[in-house]
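Undergrad: here is my input, please return the structure:
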Amino acid sequence: VQLVESGGGLVQPGGSLRLSCEASGNIFSINIMGWYRQAPGKQRELVATITSISGRTNYADSVKGRFTISRDNAKNTVYLQMNSLKPEDAAVYYCNIRGEEYYGGRIGPFDSWGQGTQVTVSS
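TA: Model (predicted):
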């Protein structure tokens, strides 16, 4: 299963960006979708996750109230709306999608990552 991200870029502090991540391939089902980020010199960290069926969300404390994760199951796409961006939000953002895929006539798990999209917050 392949993931393609889009929507990163340069924004001023207080601005907004919307990231998208679309999954394609022999997808049988999707269980959970999420966004992670990695700043220079730091470990990759969880930003937000959303379950595919119930839509239950989970956010890092640092982004609660500012970021919103959503999904479009028909399009196998997950979004991250980022508002009130701060310089400390600058990082490469990666999407992650986990589920089951058709493989060799069987159904097995997949755990795929996007290529990463740069978010820069600077005046």
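Undergrad: tell me where this protein has helices.
TA: Taking DSSP state H as the test, none of the chain falls into helices.
Undergrad: and the strands in the protein?
TA: Taking DSSP state E as the test, the strands found in the chain are 2-6, 9-11, 17-24, 27-38, 45-51, 57-59, 67-72, 77-82, 91-103, 106-113, 117-121.
Undergrad: and the first one, how far out from the chain's middle?
TA: I take that to be strand 2-6. Relative to its parent chain, strand 2-6 has a centroid offset of 9 Å by Cα atoms, centre = their mean, to the nearest Å.
Undergrad: other SSEs contacting that strand?
TA: Packing contacts for strand 2-6, counted by 3 or more Cβ pairs under 8 Å, 6 or more residues apart in numbering; DSSP states H and E, involve strand 17-24, strand 91-103, strand 106-113. (Glycine included, C-beta is placed from N, CA and C.)
Undergrad: now, of the strands of the chain, which is deepest in the fold?
TA: Stretch with highest mean neighbour count among the strands of the chain: strand 77-82 (a mean of 23; mean count of other Cβ atoms under 10 Å).
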